[in-house]
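Participant: Take this sequence and fold it.
(one chain, ligands or ions: 2)
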Amino acid sequence: TLPKHVKLVEVGPRDGLQNEKETVPAEVKIELVERLAAAGLPNIEAASFVSPKWVPQMATSGEVMENLRRRPGVLYSALTPNMKGFEAALAARADEVVIFGSASEAFSQRNINCSIAESVERFRDVARAAKDNGIRLRGSISCSFGCPYEGEIAPDAVADVVRRMRDLGCDEIDIADTIGVGTPGKIATVYEAIAKEYPLGQLSGHFHDTYGQALVNIYAALQVGVSIFHASVAGLGGCPYAKGATGNVATEDVVYMLDGLGIHTGVHLDQVVDAGQFISRQLGRKAASRAGNAIANR
Ligand code: HMG
Ligand code: MG
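Facilitator: Residues are numbered from 1 along each chain as shown. Ligands and ions are numbered 1, 2, ... in the order given. Just a heads-up that it's a prediction; the model follows:
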């Protein structure tokens with residue numbers, strides 16, 4: 001049986017926009033986040049406090065967080081790779097910080113310039129600081145279903161990082177298909193392996209749609225009991241350190257599917273579609289959401 005409720009984490013303003021070549025003005029990002037919150041998304045990744053040399057697009061994260069009209073009950077999250085990022089997230093009043101590691105050594109080096117073991121040491125300080133300040137802590141694990149540099153990733157390698165993130169005190173752990181190579185059978189295998197290490201109810205699915213598998217992978221994950229999913233409005237995004245990766249599964253498509261299954265999300269489809277059309281207009285292209293475009297054009 002499928003879960004009755006799903007928590008959707010909107011990652012478009014972060015995972016989506018981090019990948020845009022042209023600078024997206026802070027006002028546009030703010031309007032996008034406000035529209036997504038108004039649409040009922042309970043958790044929005046709105047910021048990333050990383051090196052502006054590595055990801056210039058996220059340099060306005062502080063400005064975005066500070067000028068946002070916050071909606072009561074909505075959690076605004078920020079990526080924090082180290083203490084410098086954490087200090088910035090704290091100053092910007094982030095409700096949740098995200099430490100992001102990888103199940104692949106090669107990707108860890110390319111993305112955050114250190115090994116998996118070194119990353120866990122950096123995260124330890126961030127985790128402690130988050131606890132001391134009463135900020136929710138989430139862990140993200142890239143390349144859980146395959147790596148652009150190493151290819152296949154063993155479920156044991158994912159389980160190992162899940163254990164480390166658990167031991168750091170993560171309140172939630174994201175299992176990410178960074179390059180969208182997973183297929184439903186693999187999804188089930190990986191979640192079954194890691195559910196032995198960490199409560200299934202606190203594991204999420206963060207699926208990119210590069211190979212067109214993201215929606216069916218969500219369905220496979222729902223069947224094994226996963227009830228938290230990440231999605232990106234208008235299918236925005238990719239990852240600067242994973243060549244050719246497309247955005248996450250589009251939020252509009254996920255909401256359309258979950259509505260059809262009678263699974264409650266609290267998200268209003270029409271308003272997410274409007275938010276997707278809004279940001280796509282700003283970026284001067286068509287939304288990468290089949291449901292979004294179908295609804296907008298009917
Ligand atoms: P580094 O060069 O090894 O770090 O980078 P460092 O400590 O040696 O610092 C070097 C310079 O960066 C210094 O500045 C620091 O002050 C600065 P300089 O003295 O040269 O002027 N710096 C910072 N500035 C602002 N904020 C910070 C910060 N830290 C250092 N927090 C580091 C290490 C992690 C910082 C770097 O590699 C980095 O920023 N990487 C960004 C990676 C990234 O953002 N990737 C995309 C997000 S992850 C993702 O998309 C995957 C996900 O969606 C899941 C999935 O799909 O897989 C989450
Ligand atoms: Mg991602």
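
Participant: Get me the contact residues on this structure for ligand 1.
Facilitator: Residues of the chain found near ligand 1 (C-beta under 6 Å from any ligand atom) are 15, 18, 48-51, 54-55, 79, 81-82, 84-85, 100, 111-113, 140, 142, 176, 178, 206, 208, 239-241. Glycine gets a C-beta too; all of them are placed from N, C-alpha and C.

Participant: of these, buried ones?
Facilitator: Taking 16 or more other C-beta atoms under 10 Å as the criterion, what is buried in the residues of the chain next to ligand 1 is 15, 18, 48-50, 55, 79, 81-82, 85, 100, 111-112, 140, 142, 176, 178, 206, 208, 239, 241.

Participant: Take the residues of the chain next to ligand 1 and keep only those in helices.
Facilitator: 84, 85, 111, 112 (DSSP state H).

Participant: Nearest residue to the second one in space, ignoring adjacent ones along the chain?
Facilitator: When you say that, I think you mean residue 85. residue 49 (3.7 Å; C-beta to C-beta, 6 or more residues apart in numbering).

Participant: how about the one you found, what does it touch?
Facilitator: When contacts are counted by C-beta atoms under 8 Å, 6 or more residues apart in numbering, residue 49 touches 58, 61-62, 78-81, 84-86, 88-89, 92.

Participant: now these as a markdown table including pLDDT and distance to residue 226?
Facilitator: Below are these laid out as a markdown table (pLDDT from 0 to 100; distance: C-beta to C-beta, whole Å):
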| residue | pLDDT | distance to residue 226 |
| --- | --- | --- |
| 58 | 97 | 28 |
| 61 | 98 | 28 |
| 62 | 98 | 33 |
| 78 | 98 | 23 |
| 79 | 98 | 22 |
| 80 | 98 | 24 |
| 81 | 98 | 25 |
| 84 | 98 | 32 |
| 85 | 98 | 27 |
| 86 | 98 | 28 |
| 88 | 98 | 31 |
| 89 | 98 | 26 |
| 92 | 98 | 30 |
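
Participant: Restricted to strands, list these.
Facilitator: If you go by DSSP state E, the contacts of residue 49 have 78, 79 in strands.

Participant: Pick the one among the contacts of residue 49 closest to residue 214.
Facilitator: Checking those against residue 214 with C-beta to C-beta, the nearest one is residue 79 at 20.5 Å.
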